[in-house]
Each structure stands twice: as C-alpha cells, then as structure tokens.
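**Student:** sequence and predicted structure, then a few things I'm wondering about:
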Amino acid sequence: MKRPVLFNLLTALWLFCSGLCWGQDKEATVPRESAIKAPSNLYWVFLKTGKSLDGIDRKDVEAMQAEHLNNFRRLAEEGRLVTAGPVSDPDNIRRGVVILKADRPEELAAMFRDDPYLKQGYMKMDSCRMKFELGKIHTRITPKGMEELRIVVLQWNPDSKTAMDSETETLTTAYLKNQYDSKQLNLSVRLFDAKDDSRHVLVFPKRETDDAILEVVNEIPAVKSGFWKQNTMPLFMGKGSIER
C-alpha cells in the first residue's frame, strides 16, 4: 500500500475519532452496559501495512473507508476506543496507533471483524496489553487541531545475549521519570508480551530536529547498555490530548 494513500486514510480516521472520543461529554452516548461495567484492560494496537490498494477502484476504497470509520464509531460508542492517530513510519510498516479497552485480548479481533481493511488484508493488527507509566490520555476534551509529536518504539535488541539486569532497569525507570518531570517526555507506555519484542513506547514533543530527541533516547540506560534498540517516527494526535 502506498504511503500517501494510507496516511491520508489514517489522518481521516484520526479526525473522525477525535470528534467521537474528545468531543462528547454526555453519558448518553455510551451504552448503559458499558457504563456499568467498563472493560478492565488497556491494549496498544499498531495498524500495519497489509496488501497493496494499487488497482482498487477509488469508489471501492472510499466505501471501505466509510465502513472503517463506522467501525471506529461503534467502538467509541461502546466506550472501548481511547484514542487513535496516524504515524509516518520511514520503513512503511506501522501506519497508525489505536488504544482500546477490553477484558481479554481475544476481544480485539472481534472489534475489527467488520473493518474491511483488516478483513480483506489491506491492514494488519499487532496488539498487546499496555500500561501508562508516565502521563495519560485525555478522553473528555476537544483538541484544538492536530499536533505533530515523535513516537519512539523501544524493542529488545536481538544482539543482546543476556537479560537486562535489575540495576539497568532501575536506572532506566529513574531516567525516564526525570525526562518526564523536566517536560522533555510527554508519555511513557509499558507494553506486555508484544509479538515484535517491543518493551516501551515513548512520546516526545516535536523539536526542530530529531537529533535532540535521539540524544535523549540514546542516553536511556537500557538503550545505552545495548539491551534495547529504538525506532523513532512522527505521530499525529490532538493538541492537548496528552495529559501533563
């Protein structure tokens, strides 16, 4: 799938979801059963590139896009959608981020059962349980436009021959807390049992160049010691959606 086409689709997704997730404050928009018993876990989802849309008629793509957005409308109305935003992956692998609420991981596939992009293989989904360690997402505000941020995915380094020691883990936790307290870091999310060995996701404010962000990331003890490797790319979210 060509990057500009899918990126535009995911931008439309974000605009649609922002109106649902942050523009509604009335409890009446959430079904009664969802209000009584909210799902107990948070899941981080990367939407990834699937098969190409090349050769598909534009009207067919538009029809799929409408159903794609309708599926997110349903998830928002059920109180399961926390946020969504497109990413611009230089490797053309990751296309968007979605945070969902569910009781069990098996429920995630059902959430996208009626999404034609995933059903027909034009997108793929990688998901895992997550926890906000630093910062959190506002769900009851209306964003003032889109904001370009930087997302850093920290994965286990396959070249590392040993498990990370407790001292490095403690130093890493303290370092990230210091970056958050000094407002260098907006969000730190811990991922559990990710298929691609992702350990953490960090969200930074955009700077004049990515070099300043990479300097901070490369000083993370787990990265500096060779246990983790980093992958940095633009992320687009609503202004003010990350609580500080």
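**Tutor:** On my side now, so go ahead.
**Student:** so what are the domain limits for the protein?
**Tutor:** Following the assignment in automatic domain parsing, the chain carries domains at 3-130, 146-243.
**Student:** now residue 68: phi and psi?
**Tutor:** Recorded main-chain torsions at residue 68 are phi -60, psi -50, according to degrees, to the nearest 10.
**Student:** isn't it up against residue 117?
**Tutor:** Yes: using Cβ atoms under 8 Å, residue 68 is in contact with residue 117, at 5.4 Å. Quick note: C-beta positions are derived from backbone N, CA and C, even for glycine.
**Student:** now for this structure, the helix or strand with the poorest mean pLDDT.
**Tutor:** Lowest mean confidence among the helices and strands of the chain (mean pLDDT, DSSP states H and E): helix 32-36, at a mean of 44.
**Student:** which is the next helix or strand following that helix?
**Tutor:** strand 41-49 (DSSP states H and E).
**Student:** would you mind listing the buried residues in that next one?
**Tutor:** When burial is assessed from 16 or more other Cβ atoms under 10 Å, strand 41-49 yields the following buried residues: 42, 43, 44, 45, 46, 47, 48, 49.
**Student:** quickly list what the third one is bridged to.
**Tutor:** Meaning residue 44. For residue 44, the beta-bridge partners under DSSP bridges are residue 99, residue 128.
**Student:** hey, where'd the strands end up in the protein?
**Tutor:** Secondary structure of the chain (DSSP state E): strands at 41-49, 81-86, 94-102, 123-134, 136-137, 146-156, 187-192, 198-205, 228-238, 242-243.
**Student:** who are the contact partners of the closest residue to residue 67 other than its chain neighbours?
**Tutor:** The shortest distance from residue 67 to any residue that is not its chain neighbour, by Cβ to Cβ, 6 or more residues apart in numbering, is 5.0 Å, and that residue is residue 116. Applying Cβ atoms under 8 Å, 6 or more residues apart in numbering, we find residue 116 in contact with 63, 64, 67, 68, 122.
**Student:** out of those residues, who's the most crowded?
**Tutor:** Top of the contacts of residue 116 by neighbour number is residue 68, holding 24 neighbours under the definition other Cβ atoms under 10 Å.
**Student:** against residue 202, how distant is that one?
**Tutor:** In this structure, residue 68 lies at 28 Å from residue 202, with Cβ to Cβ, to the nearest Å as the measure.
**Student:** of all the strands of the chain, which lies closest to residue 214?
**Tutor:** Counting by Cβ to Cβ, residue 214 lies closest to strand 228-238 out of the strands of the chain; the figure is 6.6 Å.
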